[in-house]
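>>> structure, please.
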Amino acid sequence: MRIETKRLYLRPFASDEGDRFHDLLSNEVVMKFSLAGPLTRNRSESLFQEFQQLQRERGFSPWAAFRKERNVFIGLCGIQEFVIEEKKELEVTFRLLPEHWGNGYGSEAAGGSYRFAFEELGAEIVFSAIEPANTHAMRVAEENGLERLSDTRIHGKVVAFFAKRKSSKSTRK
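Purely as a prediction, here's the structure:
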């Protein structure tokens, strides 16, 4: 499985990329807006295994994201499941290394993930949960045509729920 956009490609993390995964998700700057905060080694190893199992069983997960030019690892982006009102839903999530911020890679990678959810998984709606202070993620949602549905508190933090419907305007390529 490989998703390609104009400048990026996304693919499942290889089994030997646990250190790369941990380095990304233990970075305090990268995880500033994560409800879980920076991950410990044990938590990142567990999550890495969960993502690999999700990929095997469902055909999707948060994937490793690379710039095509020079094959540079920039972070992760992809699809995960979460439960809303006792129903499993799909969410697009992304985390980029700070040196790759401000280049539109988040919007581009998320756009590829939305297309995958709609075209390959047959989803009718895909969500994103974003802290309003996370202006980068808010911009990614806007650029991908997501609609803000509501705000709620999760683990004491205000989170905005956004949704993109299959019939919404197209996502970035």
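
>>> CA only for contacts and neighbour counts going forward, please
Fine.

>>> now the helices: where do they sit in the protein?
Applying DSSP state H to the chain gives helices spanning 18-25, 41-58, 105-119, 135-143.

>>> for residue 160, which of these is the nearest?
Using CA to CA as the measure, helix 135-143 is the one of those that comes nearest residue 160, at 9.2 Å.

>>> among the helices of the chain, which is the most enclosed?
Highest mean neighbour count of those: helix 105-119, a mean of 23 (counted as mean count of other CA atoms under 10 Å).

>>> for it, packing partners?
With contacts taken as 3 or more CA pairs under 8 Å, 6 or more residues apart in numbering; DSSP states H and E, helix 105-119 sits against strand 3-4, strand 8-11, strand 72-84, strand 87-96, strand 125-130, helix 135-143.

>>> if we use 7 Å, what do you get?
In this structure, helix 105-119 makes packing contacts with strand 72-84, strand 87-96, helix 135-143, judged by 3 or more CA pairs under 7 Å, 6 or more residues apart in numbering; DSSP states H and E.

>>> I'd like those as JSON lines, with distance to residue 103 and mean pLDDT appended.
Listed next are the helices and strands packed on helix 105-119 as JSON lines, based on distance: least, CA to CA, whole Å; pLDDT from 0 to 100:
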{"stretch": "strand 72-84", "distance to residue 103": "11", "mean pLDDT": "92"}
{"stretch": "strand 87-96", "distance to residue 103": "11", "mean pLDDT": "93"}
{"stretch": "helix 135-143", "distance to residue 103": "11", "mean pLDDT": "94"}
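
>>> residue 149: which of these is closest?
helix 135-143 (12.0 Å).

>>> pretty sure residue 147 contacts residue 160?
No - if you go by CA atoms under 7 Å, residue 147 and residue 160 don't touch, sitting 10.3 Å apart.

>>> among the helices and strands packed on helix 105-119, which is nearest residue 166?
It's strand 87-96; of the helices and strands packed on helix 105-119, that one is closest to residue 166 (CA to CA) at 12.5 Å.

>>> tilt between the closest one and helix 135-143?
Here strand 87-96 runs at an angle of 120 degrees relative to helix 135-143 (axes from the mean of the first three to the mean of the last three CA atoms, to 10 degrees).

>>> so which bits of strand 87-96 are buried?
Residues 90-96 are the ones in strand 87-96 that count as buried (16 or more other CA atoms under 10 Å).

>>> between these, which is nearest residue 72?
Nearest to residue 72, judged by CA to CA, of the buried residues of strand 87-96 is residue 96 at 11.8 Å.
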